[in-house]
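*Asks:* Predicted model and sequence follow; I will ask about them next.
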Amino acid sequence: MKVGYRWLQEFVDIPETPQQLADRFTNVGLAVDALEIAGSDAIFELDVATNRPDCLSHLGVAREIAAIYGSELRTPKFQLREAEHRAADVFSISISDPDLCARYCGRYIAGVKIGPSPDWLKARLELLGVRPINNVADVTNYVMLGLGQPLHAFDADTLAGQQIIVRRADLDEKMTTLDEVERQLDPSMLVIADAKRAVAVAGVMGGAETEISSATKNVLLESANFDPLSIRKTSRALGLTTEASYRFERGADVEMARFACDRAAVLIEEVAGGTIFRDVIDVYPRRRTPVTATLRRQKIQGFLGVPVEDAIVEGIFQRLGFNITKHSHDGWTVEVPSHRVDISREEDLLDEIARHHGFDRFPSTLPKWSGFGSHLPFESDERFLRSRLAAAGYSETIPMAFSDESTERKVRPQIAPVKLINPMAENEAVLRTSLIPSMLRTIQWNTYHGIRDLQLYELGKVYWDGGETRSLIVAATGSLRPKSVHEAEREFGFYDIKGDVEDLLRSFNVAMQSAVNSVPAYYHPGRSVRLGDLVVFGELHPDYARDYKMRHRIYIAEFDIQLLFESRIRGSIEAVPRFPSIRRDLSLLLSKGIKYAEVEQAVRSVAIPELAGVEPFDRLESGSFPESKYALAISLTYQSEDRTLTDDEVDVFDRRILESLTERLGAELRQ
Amino acid sequence: MSSSDGIGRLRAIERQFDRDRISVADLKSLEDIRTRYLSRKAGLLTLELQNLGKLPKDQRADFGRVANEVKLKIEASLDTLQATIAEREKQTALGREALDVTLPGNRRRVGHRHPLTIIRNEIEDIFVSMGYTVEDGPEVESTYYNFDALNFPAGHPARDPRDTFYVSEHMILRTHTSPVQVRTMEKIQPPVRIICPGRVFRRDAFDPTHSPMFHQVECLVVDEGITFADLKGTLERFHKRFFGEKTKTRLRPSFFPFVEPGAEVDVSCVFCDGSGCRVCKGTGWIEVMGAGMVHPNLYQFVNYDADKYTGFAFGGGIDRYTALKYNINDLQLFFQNDIRFLGQFA
Ligand SMILES: [Zn+2]
């Protein structure tokens, strides 16, 4: 909201420059968005908090200034000259819904001459960016900007039945507002009506048919008070925000309605001529109950941290217009002025004291307590996980959580996603059910920007209708090592992702669970593995990669992170062996189709306690052996805790293992 | 034959050796010269020494002394030569192994933490060290926890579907992490001292300073005797730890439904130390948080004794703190996940 420096000076003396005043505004909570120096005047663009509608006028801002400097507030003085005729004799006003309209003041001004406003009035409005319309409409705007009370002027002769009825709109009632838009109304909305029809959307906008025109002779001036929530809902429903609705939905001063009505009538007479009929027609069915609040002296120190002198407290109250009705050793009871709709309790008063005494006057202390803080459960596991992933070359991503349902259903067909009623875009209408599509989009983004070699991970949330959980995805594509002058290029492959998965599980000391061959459809059927519920990994199915226009192989691993953390066990540390180990290599010929797991199983089934390790180290698909076979070289490491093994002993071990391999798998020793 | 003749020949051998020595270039020629002078059978010096027996007895001592002197000298000279040549040959061999050390090293790919994670960890660590406990809660949240229990009246603009994502009439994507505060207070009686970092959603279109999804961290303290001064001190302490000891913190009165008094929190500009620059629009201050004393209405929702307890709360954007810490002027970079951006972080 804009306020002018010169205009403010009509209400209060300002001992400082606009720039200095702007700093003062900031300190009491009137945020200054902009300060524009306009010749000898200055315009403040204020961001008034929603709880302070009393500051949506020059008078209201001047009241804060008076409190800031301790100067006198001057409310406008004017001479009201009324005619013999009583307004009530020519017009009647009734409120059929007092819950939504606490007060309605009307004045009847006869014989006006509509025309442009005098220059001073036009200049004042234009300075604040308000377009002058005609003298009567300009007065209503001027009084609203000055006193904060929204007003409306009807062409009284267009009102049927010489009456105003404040009521809810009928079902299917229609009305064309001042902006020439036909509005569909409904009974949740309050309207101002004459004998026949709605003539204004109460507190929002007047109707086109009853507006002031160049032909207008007689004016009915409205100065009312409407229920904030009702105005807000109506304004939202109609998609129509006006200066009036802006003020009413925050809460206008019900006691200002009559004063503003008189002020506007006098100004209309001044700039448009005419006669003010006697008396305001003041229908006030919901009279305001005075609000009092109590501030306990000890609460100032207890709540704000230090005591504030009585004189300062009382000065703040007085300058803000709070009458002290009771003052005792314990504290003060004050009467809250009608414009302060935000104040009803002790904390509200403490807020006033803190603001006007100055936040910077309070010391800085730290809460006194004992005890210790703590991270979320599994935070240390999570940090450990991140450091392992970083060391393995994976960078962390944080993509958006929005997705579209068909994309998510392709990956998680069984999961009903969380659907948004009001998404930002069609393809952002659900929350993702898996981390896969967002990871693929991230890979796609980087590929489009020329980066093909990627190792990425995300530790993020997935959502479904009724829940949400954190999950881990690891992904890689392109080369593990790019070609350099030193080394040939090395593409990332299945065994790289498998190695990384194994390293992670090993670092968490999680026992590898036996592989179950049921992997989701988006994995390459021949290049993927599931290890229980803990992890699924492998190459992305080329059909899915194609959806993202990815021509390169993409490897992913999905972890149930909660299970990983919960399965973590602190491994026991064993001493370094005191005796040397012996390594023996076996070069085997096996029928194609025999898997390594079967080989290792056959080796381990011999149950030699001294067998410390089995490791394959070479594999040949073809050579000087039958085409139905392949060659596999494995190394066997033997180790005893209590002695140095002899060659003879180890020869026996080797023979037993070879026998098992031959017996179970038909393995031959390759010559 | 006299000893003076013999000594003369010895000296001649010595002089000749001094001349020959100069042409020794490698271990091969060194061996040749050694053989030539010192060989047991035919060395020049060896041959000369065979004449010792032919000398008169009284002259043998002189001859022997000189012969020994010449021999030691030649041997010492050859040893020195040998060491020099060996060193030179080793240097040559090493020289042949020289690499172009200006070529880049083999690079092992190292991953990077996301900047938002780095900063979240940093903020959490500061608060944990100050005695706070980290809490979290659901992102799909009820309007009760997100609005009602936080003193947002019905019809408050923040509830508007233009600003808040709705899942159903009473379920939304949380617009702040404050619901975690209410959930925590429901679970435990004071003292409460928690921070809640997490993801939040608002219907803002993507631009350099807005994102429909972002991250917040909020702090809540409720106990006996918690004051506005404690709020100020805690904010100052945190910002000094986070931005550096020179950092100043300022509170400006403002309004939020769940606190009173409410304040906007500014820190002295980290880019110009408060002297005014483009980032702080010349004011020397940067707005980073909302803060205030917990509104007593909140205590009714969680059955706290509003007369006994007071508290403070504050919250700010992790994304914003990250942007300030690294001087990043576009929030979209955080969510594009371009590896050229991510790769710049530790
Ligand atoms: Zn700056």
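*Replies:* Nice, I can see it.
*Asks:* how much space between A:R258 and A:L151?
*Replies:* 12 Å (Cβ to Cβ, to the nearest Å). The C-beta positions use only the backbone N, C-alpha and C, and glycine is treated the same way.
*Asks:* ugh, typo on my part, it should be A:V529
*Replies:* 76 Å.
*Asks:* Neighbour count for these two, which is higher?
*Replies:* A:L151 (25 against 18; other Cβ atoms under 10 Å in any protein chain shown).
*Asks:* Could you report the pLDDT at the more buried one?
*Replies:* We have a pLDDT of 97 for A:L151.
*Asks:* Three-state assignment for the nearest residue to it once chain neighbours are set aside, please.
*Replies:* Distance criterion Cβ to Cβ, 6 or more residues apart in numbering or on different chains; nearest residue to A:L151, sequence neighbours excluded, is A:T140 at 4.0 Å. Three-state call for A:T140 (DSSP: H, G, I helix; E, B strand; the rest coil): helix.
*Asks:* who's in contact with A:T140?
*Replies:* Taking Cβ atoms under 8 Å, 6 or more residues apart in numbering or on different chains, we find A:T140 in contact with A:151-153, A:221, A:264.
*Asks:* Repeat that for B:K248.
*Replies:* So B:K248 contacts B:236, B:267-268, B:274 (Cβ under 8 Å, 6+ apart).
*Asks:* if I look at it, how far off is B:I286?
*Replies:* In terms of Cβ to Cβ, B:K248 sits 11 Å off from B:I286.
*Asks:* re the thing from before, could you measure the residue nearest to A:L151 against the ion, distance?
*Replies:* Distance from A:T140 to the ion, counting by Cβ to the ion, to the nearest Å: 44 Å.
*Asks:* Could you check how far that residue is from B:G155?
*Replies:* The value you get for A:T140 to B:G155, if Cβ to Cβ is used, is 26 Å.
*Asks:* A:Y394 too?
*Replies:* 47 Å.
*Asks:* Which one's more surrounded, these two?
*Replies:* Taking neighbours as other Cβ under 10 Å, A:Y394 and B:G155 compare with A:Y394 leading, 23 against 15.
*Asks:* A:V474 is in contact with that one, correct?
*Replies:* Yes: counting by Cβ atoms under 8 Å, A:Y394 touches A:V474, with 6.0 Å between them.
*Asks:* hey, what's in contact with both of these two?
*Replies:* With Cβ under 8 Å, 6+ apart, A:Y394 and A:V474 have common neighbours A:456-457, A:500.
*Asks:* Out of those, who's the most crowded?
*Replies:* So for the shared contacts of A:Y394 and A:V474 (other Cβ under 10 Å), the most neighbours sit at A:Y457, 28 neighbours.
*Asks:* Now do the SS call for that residue.
*Replies:* Classified using three-state DSSP, A:Y457 is strand.
*Asks:* For A:P285, which non-adjacent residue is closest in space?
*Replies:* Here the residue nearest A:P285, using Cβ to Cβ, 6+ apart, is A:P98, at 3.9 Å.
*Asks:* In terms of helices and strands, where is that neighbour?
*Replies:* Using DSSP states H and E, A:P98 sits within no helix or strand.
*Asks:* and if you look at B:L30?
*Replies:* helix B:27-38.
*Asks:* quick one: contacts of that helix?
*Replies:* Contacts of helix B:27-38 (Cβ under 8 Å, 6+ apart): B:13, B:17, B:20-21, B:23-24, B:42-46, B:71, B:74-75, B:78, B:81-82, B:85-86, B:89.
*Asks:* That one: how far from the chain's middle?
*Replies:* 61 Å (Cα atoms, centre = their mean, to the nearest Å).
*Asks:* That helix: which residues count as buried?
*Replies:* B:30, B:33-34, B:37-38 (16 or more other Cβ atoms under 10 Å in any protein chain shown).
*Asks:* Establish whether stretch A:426-438 and chain B are in contact.
*Replies:* Yes: legend: contact between stretch A:426-438 and chain B by Cβ under 8 Å from any Cβ of the partner chain is shown at A:428, A:431.
*Asks:* and that stretch, what's its mean pLDDT?
*Replies:* On average, stretch A:426-438 scores 96.
*Asks:* And for stretch A:488-508?
*Replies:* Mean predicted lDDT for stretch A:488-508 stands at 94.
*Asks:* Pull that stretch out as PDB, backbone CA atoms only.
*Replies:* These are the backbone C-alpha positions of stretch A:488-508, laid out as PDB (Å, rounded to 0.1, in the frame of the first residue of the first chain):
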ATOM      1  CA  ALA A 488      42.100 -47.100 -22.700                       C
ATOM      2  CA  GLU A 489      38.500 -46.300 -22.200                       C
ATOM      3  CA  ARG A 490      36.600 -48.600 -19.900                       C
ATOM      4  CA  GLU A 491      32.800 -48.800 -20.200                       C
ATOM      5  CA  PHE A 492      30.800 -49.100 -17.000                       C
ATOM      6  CA  GLY A 493      29.400 -52.700 -16.900                       C
ATOM      7  CA  PHE A 494      27.200 -55.000 -15.000                       C
ATOM      8  CA  TYR A 495      30.000 -56.300 -12.800                       C
ATOM      9  CA  ASP A 496      30.900 -52.700 -11.900                       C
ATOM     10  CA  ILE A 497      27.400 -52.000 -10.500                       C
ATOM     11  CA  LYS A 498      27.500 -55.500  -8.900                       C
ATOM     12  CA  GLY A 499      30.900 -54.700  -7.300                       C
ATOM     13  CA  ASP A 500      29.600 -51.400  -5.900                       C
ATOM     14  CA  VAL A 501      26.500 -53.100  -4.500                       C
ATOM     15  CA  GLU A 502      28.700 -55.700  -2.900                       C
ATOM     16  CA  ASP A 503      31.000 -53.100  -1.500                       C
ATOM     17  CA  LEU A 504      28.100 -51.200   0.100                       C
ATOM     18  CA  LEU A 505      26.600 -54.400   1.600                       C
ATOM     19  CA  ARG A 506      30.000 -55.400   2.800                       C
ATOM     20  CA  SER A 507      30.700 -52.000   4.300                       C
ATOM     21  CA  PHE A 508      27.400 -52.300   6.200                       C
END
